[in-house]
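[1] quick one, what's the 3D model for this:
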Amino acid sequence: MPAIAKNNDVITVIIIFAVEPERQQELIDTIVEFLETTVKQQPGFVSSSIHKSLDGVRVMNYAQWKTQEDYQAFINNSEVQAKGAKLSQFELLDSHIFEVVISKPDNHSPKITKGGFLTHLAEFRMKPENQQAMLHLAKKEIVTAVQQNPGLISATFHRSFDGTRVMNYGQWRSQEDFEAILKKPDFEIESGYWVGLAENEFHVYEVVYTQPTD
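    As a prediction, this is how the structure comes out:
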């Protein structure tokens, strides 16, 4: 099963689609078909984990590749991309290449499993010059969050290579545990630690598919 860790010898690609709730399952099926028939056979492919948002408006693919060069070769292969042409029917909202830079608790490598923990993906968008400051504050805040919230299983922050994104992939025991932290002052949209450095949007997901399978 896919694992997330700072010492993973992989690069991470996070791809987010916006979708109408009534087409969310159609999009998931289209992605899975492309993965099964084409993507998993490509050189350098490591894993893919498909998540659907509980509100029905997002589908997220958390993918891992051996190297950035492998992923770019996949993207630049016109024959391969033609086989995934049906995905162009859907809105590609965001796609960036990342590395894991913060993982809490220490010495814990979260596993991505179908039907496992609830996933919270916090999307921070920023100017490249603000990325390092954002990560510095995030590291301080997440240590406190893990200590004070037993329902938070793990939190891993990813920085995009282009400097414009920081993503926090968090795993929670339940939706109730996650919603409890939103009531705390440090995590309010108007006054969160990221204000002045980044814009923040988040969705809550469940994992519906992994490749390799669990």
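
[2] quick check: buried residues in stretch 73-90?
    Neighbour-count burial for stretch 73-90 flags Phe74, Val80, Gly84, Leu87, Phe90 (criterion: 16 or more other Cβ atoms under 10 Å). (Glycine included, C-beta is placed from N, CA and C.)

[3] just the CA coordinates for that stretch, please, in PDB.
    Output in PDB follows, covering the C-alpha atoms of stretch 73-90 (Å, rounded to 0.1, in the frame of the first residue of the first chain):
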ATOM      1  CA  ALA A  73       8.300  11.500 -19.700                       C
ATOM      2  CA  PHE A  74       4.800  10.200 -18.900                       C
ATOM      3  CA  ILE A  75       3.300  13.700 -19.300                       C
ATOM      4  CA  ASN A  76       5.200  14.300 -22.600                       C
ATOM      5  CA  ASN A  77       4.300  11.000 -24.200                       C
ATOM      6  CA  SER A  78       1.500  12.000 -26.600                       C
ATOM      7  CA  GLU A  79       0.500   8.400 -27.300                       C
ATOM      8  CA  VAL A  80       0.000   7.700 -23.600                       C
ATOM      9  CA  GLN A  81      -1.800  10.900 -22.900                       C
ATOM     10  CA  ALA A  82      -4.200  10.200 -25.800                       C
ATOM     11  CA  LYS A  83      -5.400   7.100 -24.000                       C
ATOM     12  CA  GLY A  84      -6.500   9.400 -21.100                       C
ATOM     13  CA  ALA A  85      -8.300  11.800 -23.400                       C
ATOM     14  CA  LYS A  86     -11.700  11.200 -21.600                       C
ATOM     15  CA  LEU A  87     -10.300  13.100 -18.600                       C
ATOM     16  CA  SER A  88     -10.400  16.300 -20.600                       C
ATOM     17  CA  GLN A  89     -14.100  16.300 -20.100                       C
ATOM     18  CA  PHE A  90     -13.500  17.300 -16.500                       C
END
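
[4] give me the pLDDT for the closest residue to Lys140 other than its chain neighbours.
    The shortest distance from Lys140 to any residue other than its chain neighbours is 7.9 Å, reached at Tyr193 (Cβ to Cβ, 6 or more residues apart in numbering). For Tyr193, the model assigns a pLDDT of 81.

[5] where does the chain dip in pLDDT?
    Applying pLDDT under 70 to the chain flags the ranges 106-108, 184-191, 214.

[6] can you show me the helices along it?
    Ranges of helices in the chain, per DSSP state H, are 24-37, 68-76, 78-83, 131-148, 175-181.

[7] for these, which one sits closest to Val46?
    Using Cβ to Cβ as the measure, helix 68-76 is the one of those that comes nearest Val46, at 8.9 Å.

[8] same for that closest one, what does it pack against?
    Under the contact criterion of 3 or more Cβ pairs under 8 Å, 6 or more residues apart in numbering; DSSP states H and E, helix 68-76 touches strand 11-18.

[9] starting at the chain centroid, how far to the strand it packs on?
    Here strand 11-18 is found 6 Å from its chain centre; the criterion is Cα atoms, centre = their mean, to the nearest Å.

[10] got the angle for that strand vs helix 68-76?
    Interaxial angle, strand 11-18 versus helix 68-76 (axes from the mean of the first three to the mean of the last three Cα atoms, to 10 degrees): 40 degrees.
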